[in-house]
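**Q** Just need the structure, nothing else, for what follows:
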Amino acid sequence: MIPADLRYHKEHEWVRLKGNQATVGISDFAQDALGDIVFIELPKVGTAVKAGQQIGEIESTKTTSTLYTPVSGNIVQVNGELKDHPEVVNSEPYGRGWMVVIDLSTAGEVDTLMTAAQYDAFLANQKKG
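**A** The predicted structure is shown next:
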């Protein structure tokens, strides 16, 4: 199930907008493809980021994957729980498994990301290919 209240990036990150802040995590599709997540490297609070930039890494028993930011701004919060419990991303990718909160520098940027329906179609095309 793809939450309808989020926006999605082609690299499988999601954004939940609340005021001028965007919470970022990875989609259920991404965590499933990665398998059991064993380590997550996140940026430091205060880091300035640009949309599409690498902001961390996610290591699983299968592979290491890059974490990108779908939006630009400043990191104002990181999910400290993931340091000791990265597996939370596997069980709750849209809840407790969030990665960072970004104070947006460009408000309309979120509107360029895919809606849930667009992301669903994007995933269907990827599975075909």
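
**Q** Could you pull out the helices in the chain for me?
**A** Along the chain, counting by DSSP state H, helices occupy 28-34, 81-84, 88-91, 116-128.

**Q** Is it possible to get JSON lines of the ones you listed that adds mean neighbour count and distance to Thr69?
**A** Heads up, the C-betas are built off the backbone N, CA and C, glycines and all. Shown next, in JSON lines, are these (neighbours: other C-beta atoms under 10 Å; distance: least, C-beta to C-beta, whole Å):
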{"stretch": "helix 28-34", "mean neighbour count": "18", "distance to Thr69": "14"}
{"stretch": "helix 81-84", "mean neighbour count": "14", "distance to Thr69": "16"}
{"stretch": "helix 88-91", "mean neighbour count": "18", "distance to Thr69": "16"}
{"stretch": "helix 116-128", "mean neighbour count": "13", "distance to Thr69": "17"}
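
**Q** would you turn those helices into TSV with distance to Gly97 and mean pLDDT?
**A** Converted to TSV, those look like this (distance: least, C-beta to C-beta, whole Å; pLDDT from 0 to 100):
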stretch	distance to Gly97	mean pLDDT
helix 28-34	7	96
helix 81-84	7	97
helix 88-91	4	98
helix 116-128	17	93
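
**Q** now these in CSV, with distance to Val15?
**A** Listed next are the helices of the chain as CSV, based on distance: least, C-beta to C-beta, whole Å:
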stretch, distance to Val15
helix 28-34, 14
helix 81-84, 17
helix 88-91, 16
helix 116-128, 11
